[in-house]
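K.L.:
Give me the fold of what follows.
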Amino acid sequence: MTDHPSPWRNPVIWLVIGLPLVAIVAGVGLVVVASRSGGSDAIPDTVRRTAQVQVADLTPDAAAQRERLSAVLRFDAERGLVEVLPVSGRFMRDEPLRLTLAHPARADDDRELQLAPTETGWRAEAALDTGHDWNLRLTAADGRWRLQGRLARGELAAHMHPALLDDAAGQ
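P.N.:
Model prediction:
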């Protein structure tokens, strides 16, 4: 009578069974992590998806370009104020503006401020963390135009401009 060794003592059997099991567990773990993270788009625009292409509405950017709008955002850390000062174009100076400060990595840290008109521009009280960059979006209250910019880490001012290039500059 021959004594056959157990197949479970062969390390190749453990590889044949163990590797697929580890791959399945890791795949399920990745699906769980991905589904819990939610939408993590860096750009908070509403987009329309058409045949694998995302299409964003650029009408507000075109309006800002046409009106030649630009502005400077200034943060006064001592007084806890965010100010927007017009640089070029014709702004409706008696209307409030909406400023969106988007954290570049964490959507939970995004902020939205309503800026009230002042003699020199628009202002709101806010404390900002300048330890990281902010993506800036300035819009009219009705959303008819939009400016964008980036406040770099440690900086207290940023230029905001239309997202679209000027036709003369693009040539």
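K.L.:
does residue 91 really touch residue 68, like I thought?
P.N.:
No - contact between residue 91 and residue 68 fails when scored by Cβ atoms under 8 Å: they sit 10.9 Å apart. In this view, the C-beta of every residue, glycine as well, is placed from N, C-alpha and C.
K.L.:
When these two are compared, which one has more neighbours?
P.N.:
residue 91 (19 against 13; other Cβ atoms under 10 Å).
K.L.:
helix/strand/coil for that one?
P.N.:
Three-state assignment for residue 91 (DSSP: H, G, I helix; E, B strand; the rest coil): coil.
K.L.:
mind listing what it touches?
P.N.:
By Cβ atoms under 8 Å, 6 or more residues apart in numbering, the contact list for residue 91 reads 69, 71.
K.L.:
quick one: it from residue 97, how far?
P.N.:
The span separating residue 91 from residue 97 equals 8 Å under the rule Cβ to Cβ, to the nearest Å.
K.L.:
now the helices for the chain?
P.N.:
Applying DSSP state H to the chain gives helices spanning 11-37, 59-66, 167-170.
K.L.:
Check the model's average confidence along stretch 3-10 for me.
P.N.:
In this model, stretch 3-10 has a mean pLDDT of 78.
K.L.:
Stretch 25-43 too?
P.N.:
Mean predicted lDDT for stretch 25-43 stands at 76.
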